[in-house]
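Participant: Give the three-dimensional model of this entry:
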Amino acid sequence: MVREFKLPDVGEGVAEGELVSWLVEEGDEVSEDQPVAEVETDKALVEVPAPVNGTVRERRYEEGDIVPVGDVFVVFDVEGEAEAETEEEPTPSEEEQASEPPGVDSPDEAGEGADSEPAGDAGATGGETAEAAPPEDRVFAPPRVRRMAREEGIDLSRLEGSGPGGRITTADVQAAASGSEPSQATDSAATTAEPESDAETDSSSTEAAGETAVETSQSTSAPAQVESADRDRTLAAPATRRIAEEEGVDIDAVPATEERDGEAFVTPEAVKEYAEAQRQAQEADREAIEAGEPVGEAEKGTEFAPGERERREPFKGVRKTIADAMVESKYSAPHVTHHDEVDVTELVEARERLKPRAEEQGIRLTYMPFIMKAVTAALKEFPEMNAVIDEENEEVVYRDYYNVGVATATDVGLMVPVVDDADGKGLLQLSSEMNELVQKARERSISPGELQGSTFTITNIGGIGGEYATPIINYPEAGILAIGEIKRKPRVVTDEDGTESIEPRSVMTLSLSFDHRLIDGAIGAQFTNTVMEYLENPELLLLE
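Facilitator: Numbering: from 1, shown residues only. Sure thing, here's the model as predicted:
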């Protein structure tokens, strides 16, 4: 039988992913759990495994395409299940329902299955059922395609979508912009024209579209400008998500009318209103195209002189996620950064003594586990640093667990793997887990779950020779500590008899940024002093 495989939920809050590469070709035999594709989300690069043993029948997307979670992106031929399917005559599966264009009812759904299906659900596609065309006044295209069409001056209503369910893709818009017409739809006037009179057909279509636009503008008011919400996560009922898919809109772009559990919640009415606003904006763009006026937001964009000395790359994926997080943190939490220096001569000596023992167990012992232990000990003394503000309920949430995030530089940007319950782990266990997570982050094989749940973050700028920084909080956490390079510096040392002398010592710099809404400067300084005490006297860590 044929098994359609939808892109699974590859991480909390992930709505779509970019298909980076196919690991199989059409016709290849695959086994269950064998990776078939690499998909990049805004959090990580993940391998998507095959759900069954079978043969790759069809790849629905090309490399570089954006695949929504829940969309069928690969189809398998599975042996040994056809007989069971025939005998049991089951109701349509979710995969079959998802592949049906909106509004098409199958014979099965009109019969016995009709009572058990919610109103508005798509039916199963039979082998001989003709696929209905989308309504003429509805354009199935995601926001990025609509933006491209505006920039290129393309009328989306005159394109036939080559994507699933008639959805218009970027390739369709690019083909239309380049002058080729594999996706150009022919309207009622064009279909009656002579094949050789292409120019006449185009002009008549344009005139018809122009008359329609004039009539529409006379009968309706000017479209309201509805700005995209551009969220990373949206709560919505399954029926609402189906409406969004049918309308060809990104549900994360729909302005939310309410919140639930602190998350934006979108209703079916909001989706429909947003889709209608988009259609009106598209109609206005079409009128502008015919009038020769600037379209959409093209005139507002930043102008760059073309040339070989510059290039453009999409601002998306991990880099876009980092940018959004930085802006949210900086504009949500008033930052204060406290700087200090700590004498870690004894810590350096202690690490040198323990390194051989760690190497015997195959563990590379760095300074970070010592710092993590010192930080968790200080967090217990100053719970404000481990707290978070619940703005919706106007409460401060004090957390009695200590999950430490370790900021890690990767080829695609900054990631923060999380070591859970760091306070209950020894130096070698912390070192082993941290090294593994950092390696996975740099190889882009880390799971989204391993990048979530931190209560406090540490970032090491000393590895690249940095000393001081003003780190941005990993919002909504209350603080982040930057560790500078350990350098030999002259320091005044007091002996037991009170004699002072200047000696070369190993000195580390600390830069603590904290949320001033929750933490006063005195608490920030005291927290830093406590961390310093543990680092200056590493034997105290044995008590933790």
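
Participant: quick one, helices of this protein?
Facilitator: Remark: helices assigned in the chain by DSSP state H are 82-88, 94-99, 107-110, 143-152, 170-178, 188-191, 198-219, 238-247, 268-291, 317-332, 345-360, 368-381, 427-442, 521-536.

Participant: and those as CSV, adding mean neighbour count and mean pLDDT?
Facilitator: Bear in mind the C-beta positions are built from the backbone N, C-alpha and C, glycine included. Shown next, in CSV, are those (neighbours: other CB atoms under 10 Å; pLDDT from 0 to 100):
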stretch, mean neighbour count, mean pLDDT
helix 82-88, 10, 41
helix 94-99, 18, 44
helix 107-110, 15, 38
helix 143-152, 19, 70
helix 170-178, 17, 80
helix 188-191, 13, 37
helix 198-219, 14, 43
helix 238-247, 20, 82
helix 268-291, 18, 81
helix 317-332, 15, 88
helix 345-360, 14, 96
helix 368-381, 22, 97
helix 427-442, 19, 94
helix 521-536, 18, 97
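
Participant: Tell me which of these lies nearest to Val56.
Facilitator: Of all the helices of the chain, helix 94-99 sits nearest to Val56, with 15.5 Å by CB to CB.

Participant: quick one, longest strand in the protein?
Facilitator: Secondary structure of the chain per DSSP state E: the longest strand is strand 500-515.

Participant: Just the angle for that one relative to helix 521-536, thanks.
Facilitator: 130 degrees (axes from the mean of the first three to the mean of the last three CA atoms, to 10 degrees).

Participant: and Pro448, how far is that from Ala422?
Facilitator: Between Pro448 and Ala422 the distance is 20 Å, computed by CB to CB, to the nearest Å.

Participant: circling back: any buried residues in the longest strand of the chain, and which?
Facilitator: Arg505, Ser506, Val507, Met508, Thr509, Leu510, Ser511, Leu512, Ser513, Phe514, Asp515 (16 or more other CB atoms under 10 Å).

Participant: which residues touch the fourth one?
Facilitator: Meaning Met508. Met508 makes contacts with Glu341, Val342, Val344, Gly462, Ile483, Gly484, Glu485, Ile486, Leu535, as judged by CB atoms under 8 Å, 6 or more residues apart in numbering.

Participant: Return the distance of Gly248 relative to Gly27.
Facilitator: Shown here: Gly248 relative to Gly27, a distance of 32 Å by CB to CB.

Participant: same deal with Ala522?
Facilitator: Taking CB to CB as the measure, Ala522 falls 69 Å from Gly27.

Participant: thinking again about what came up before, what's the farthest-apart pair in the contacts of Met508?
Facilitator: Using CB to CB, the two most remote members of the contacts of Met508 are Glu485 and Leu535, lying 14.4 Å apart.

Participant: Once you drop chain neighbours, what's closest to Glu258?
Facilitator: Phe265 (5.1 Å; CB to CB, 6 or more residues apart in numbering).

Participant: of the contacts of Met508, closest to Ser329?
Facilitator: Within the contacts of Met508, proximity to Ser329 (CB to CB) peaks at Ile483, which comes in at 19.3 Å.

Participant: Who does that closest one form a beta bridge with?
Facilitator: Ile483 has these beta-bridge partners by DSSP bridges: Asn460, Leu510.

Participant: list the contacts for it?
Facilitator: Going by CB under 8 Å, 6+ apart, Ile483 touches Tyr367, Met368, Ile371, Ile458, Thr459, Asn460, Ile461, Gly462, Met508, Thr509, Leu510.

Participant: now Ile461
Facilitator: By CB under 8 Å, 6+ apart, the residues touching Ile461 are Glu467, Ala469, Ala482, Ile483, Gly484, Glu485.

Participant: Let me have those in JSON lines, adding distance to Ala288 and pLDDT as columns.
Facilitator: JSON lines is the format used below for those (distance: CB to CB, whole Å; pLDDT from 0 to 100):
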{"residue": "Glu467", "distance to Ala288": "55", "pLDDT": "93"}
{"residue": "Ala469", "distance to Ala288": "48", "pLDDT": "95"}
{"residue": "Ala482", "distance to Ala288": "50", "pLDDT": "98"}
{"residue": "Ile483", "distance to Ala288": "55", "pLDDT": "97"}
{"residue": "Gly484", "distance to Ala288": "55", "pLDDT": "97"}
{"residue": "Glu485", "distance to Ala288": "57", "pLDDT": "96"}
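
Participant: Just the buried residues from those, in ChimeraX please.
Facilitator: Here is the ChimeraX command that selects the buried residues among the contacts of Ile461 (16+ other CB under 10 Å):
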select :467,469,482,483,484
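
Participant: nearest to Pro238, of the contacts of Ile461?
Facilitator: Pro238 lies nearest to Ala482 out of the contacts of Ile461, by CB to CB, at 43.7 Å.

Participant: Point out where the stretch 1-150 of the chain drops to low pLDDT.
Facilitator: 11-14, 42-43, 80-144, 147 (pLDDT under 70).
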